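Student: okay, here's the prediction I keep looking at, along with the sequence it came from:
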Amino acid sequence: MQITSSKINYKKYLPLALLPVWFAIYHYLKPLSDYLIEKGASLGTALAFMMAVIGLSLPEMIILRKVLKLPLIFTFIGVVATGIIIIGFLFNIIF
């Protein structure tokens, strides 16, 4: 049995195809955030940077586009960005 490209549902398997991207993002961000902290960036800034890169990334928006309409995606971006900024400030104040 031969599978042709016309039989593959790309929209169904797109989230699975993006999993390696998420893992690669973490492995690049951890050393980068460690370097930023070593060079004097505060913990809250490094934490906010890591959360923003992963939570507001293009692969995340592509996946959300499959299940949400555009106004909801903009709402998601606003809520997540606001939360990330607040958490970054709180960590800067506490630590």
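Tutor: Noted; the coordinates are in hand.
Student: make it CA atoms for all contacts and neighbour counts henceforth
Tutor: Noted.
Student: give me phi/psi at Leu56?
Tutor: phi -120, psi 30 (degrees, to the nearest 10).
Student: I figured it hits Ile77, correct?
Tutor: Yes - with contact defined as Cα atoms under 8 Å, Leu56 reaches Ile77; the gap is 6.8 Å.
Student: can you pull the contacts of Ala95?
Tutor: That one is not Ala; residue 95 is Phe. Neighbour list for Phe95: Leu43, Gly44 [criterion: Cα atoms under 8 Å, 6 or more residues apart in numbering].
Student: let me know the pLDDT of it.
Tutor: pLDDT, Phe95: 86.
Student: got it, and Met50?
Tutor: Confidence at Met50, expressed as pLDDT, is 88.
Student: check contacts around it.
Tutor: Taking Cα under 8 Å, 6+ apart, one finds Leu29, Lys30, Ser33 in contact with Met50.
Student: just the element for it, please.
Tutor: helix 43-55 (DSSP states H and E).
Student: ok, and the helix or strand in this structure with the lowest average confidence?
Tutor: helix 10-17 (a mean of 65; mean pLDDT, DSSP states H and E).
Student: related to what we said a few turns ago, are any of the contacts of Met50 buried, and if so which?
Tutor: Taking 16 or more other Cα atoms under 10 Å as the criterion, what is buried in the contacts of Met50 is Leu29, Ser33.
Student: quick check, nearest of the contacts of Met50 to Pro71?
Tutor: Nearest to Pro71, judged by Cα to Cα, of these is Leu29 at 29.2 Å.
Student: low pLDDT regions in the chain?
Tutor: Low-confidence segments of the chain, defined by pLDDT under 70: 1-19, 21-22, 24-25.
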